Every structure is written in C-alpha cells, then in structure tokens.
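Novice: With the input below, show me the fold.
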Amino acid sequence: MSSKDVRAQFEPVARNYVTSQFHADPKRLAELVELVAPAPGDVVLDAATGTGNAGLALAPHVAWVIGLDLTPAMLEQAARSAREADQRNVTWVLGDATALPFPADSFDVYVCRAAPHHFPDVRAALGEAWRVLRPGGRAALVDCSPPPEIRDFMHGVEVARDPTHVLSHTVEEWVELLTRTDFEVERADRRKLSWRFDDWMGRMAVPDERARELAAAIESAPPLVREQLAPSRRDGELWHSYWHALIRARKPG
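Specialist: Alright, predicted model coming up:
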C-alpha cells in the first residue's frame, strides 16, 4: 500500500487516536516510559508517531523529542496536544519511517509504538533505526504480536478492519530481525491485554456491518483460536485478548 493510501486511511480518523483506549492510556504510556528508561539528556525519535502519544509521554523525561509520521492530519493532532500540554521540547516532522530524513548518529533513543505492523518493509525501518541511532543508543518497539498459533486468524481480522495492516510479527521474529540488523536485544516480551472490540473497531471507523461480521468471526472461531482469544460479553459488549511485543534493543558502541 502506498504512502498516499496510508494517508487516505488515517486522515479521517486521526482525532480518534488522541483519545484511543490503548494509544492514550496512561498505564500503557507509563509502560513505554519504563521500557525506554529515558535519561534527561536523551534526544528521542518517535517514528510513526501518529498523534504523538508516545513522544509526549517521553518528552518530560528527556532533552528533546522528534515525532515523525506519514500523515499530516496525525501530526496536526500531535501538535495540538503538545500545545495543550505546554510541552515545548517536541518537533513534528512529516516523513517515512523506512527512509528517515535525518543524518546518521542523530538520536539516543528510537521509539516505534503500535506502528510496525503497517510497514511494508520492516527490515528497512530497522536499518534506518540503526543508522540514525548513536553508538550505545536504544530502540524501543511496542507492536501487536499475537501468539504464533493464532496469527493467521488474527491477520484476517486485522486486514478486514484496516487494509493498511501488513503483518504482526511474533516476539521470536522481532529478535531475529533485530539481531540480523546487529542490535543487541535486551528485552523481548509478549504482553496480553483484555481488549474492547468496539473501541478497536471505532478507532478506524469500521462500518457497523463489517464490525458485526468480525465480532461473529471472533466469537465463532475454531476452538484453539477461541481458547487464546477468550471472547466474552460484558454488558453486551465484546471483549477478547490482544497481545503486544515489548522490545528493547541497543546499538553496540
């Protein structure tokens, strides 16, 4: 999918990501800060920043944050949130995570949260992360990562919800990808959350009929998939399990 297609998909729903149950959740953002372990002098790149949730969570702990994204509407929301928070050590840049517009050895920290599954070339993105990090710099990645045995099922749901979805990588694949890029992997975990289906669909403005079809698919999934997803109804709303990889790696030096 082209950059133009990605922008067309996300521009109408950009505002949803400012208040998304996952993206803006203070507990999940604190989890990111813990993963990064920021230092006061750090210069941070938040690649594929979206509406800037990750970058703004890190900004109070570091010297400077640059948030980069393909979609102008997302960056407009990020800039608005920064003004409202009076957070001044942030800059927003239009650009592609697989072809970063920065010189080598520019950053102490590279962050990419809830975005790599959209990248058509994850290897290129990691190569760019390596290039722009200074020796000793850290990369922190958080992205959807279902258990291997249900990834194919979840892939079908993900693509039907959002056609810009490319692939959710397993934790094991992340370790291999990072190792091949010469990163030293310091942490590689899979974390499970209880996921509110309606919020997930609403974030991308999925039409009601398609959302009902996807809910039915989850609730009638094969037994091994259902065992992992554990779908249930709470006050009529569908909830199920959802997983993320939490990865921290370091560029030697």
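
Novice: Quick one: the strands in this structure, in order.
Specialist: Counting by DSSP state E, one finds strands in the chain at the ranges 43-47, 64-69, 90-94, 107-113, 133-144, 184-196, 232-234, 237-250.

Novice: Only the buried residues of the third one, if you could.
Specialist: The neighbour-count check on strand 90-94 (16 or more other C-beta atoms under 10 Å) flags 90, 92 as buried. Backbone N, C-alpha and C define where each C-beta goes, glycine included.

Novice: roughly how far out does that strand sit from the chain middle?
Specialist: 17 Å (C-alpha atoms, centre = their mean, to the nearest Å).

Novice: Let me know the average pLDDT across that strand.
Specialist: Taken as a whole, strand 90-94 has a mean pLDDT of 98.

Novice: Mind giving me the packing neighbours of it?
Specialist: Of the remaining helices and strands, those touching strand 90-94 by 3 or more C-beta pairs under 8 Å, 6 or more residues apart in numbering; DSSP states H and E are strand 64-69, helix 72-84.

Novice: just to revisit the earlier point, closest one to Ser168 among the strands of the chain?
Specialist: For those, distance to Ser168 was read as C-beta to C-beta. The smallest value, 4.6 Å, belongs to strand 133-144.

Novice: relative to strand 184-196, how tilted is that closest one?
Specialist: 30 degrees (axes from the mean of the first three to the mean of the last three C-alpha atoms, to 10 degrees).

Novice: Strand 133-144 pairs with which strands, and in what direction?
Specialist: Using DSSP bridges, the strands paired with strand 133-144 in its sheet are strand 107-113 (parallel), strand 237-250 (antiparallel).

Novice: Tell me which of the ones you listed is the most buried.
Specialist: Mean neighbour count, computed with mean count of other C-beta atoms under 10 Å, is highest for strand 107-113 among those, reaching a mean of 25.

Novice: ok, which stretches of the stretch 151-253 of the chain are helices?
Specialist: Ranges of helices within the stretch 151-253 of the chain are 151-161, 171-180, 197-203, 208-219, 223-229, based on DSSP state H, counting those that start in this stretch.

Novice: Could you pull up the residues touching the residue lying closest to Val157 once chain neighbours are set aside?
Specialist: Of all residues not flanking Val157 in the chain, Leu214 sits nearest, at 5.5 Å (C-beta to C-beta, 6 or more residues apart in numbering). Going by C-beta atoms under 8 Å, 6 or more residues apart in numbering, Leu214 touches 157, 160-161, 197, 201, 206.

Novice: Can you give me the distance of the closest residue to Leu141 other than its chain neighbours to Ser145?
Specialist: Nearest residue to Leu141 in three dimensions, chain neighbours excluded: Ile247, at 4.2 Å (C-beta to C-beta, 6+ apart). Per C-beta to C-beta, to the nearest Å, Ile247 is found 9 Å from Ser145.

Novice: Pull the contacting residues for the closest residue to Ala97 other than its chain neighbours.
Specialist: Leaving aside its sequence neighbours, Ala97 sits nearest to Ala47 (C-beta to C-beta, 6+ apart; 4.3 Å). Counting by C-beta under 8 Å, 6+ apart, Ala47 makes contact with 68, 97, 100, 110-112, 115, 125, 129.

Novice: In TSV, list the residues you listed along with distance to Asp5.
Specialist: TSV is the format used below for the contacts of Ala47 (distance: C-beta to C-beta, whole Å):
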residue	distance to Asp5
Leu68	18
Ala97	16
Leu100	20
Tyr110	25
Val111	24
Cys112	20
Ala115	15
Ala125	18
Ala129	23
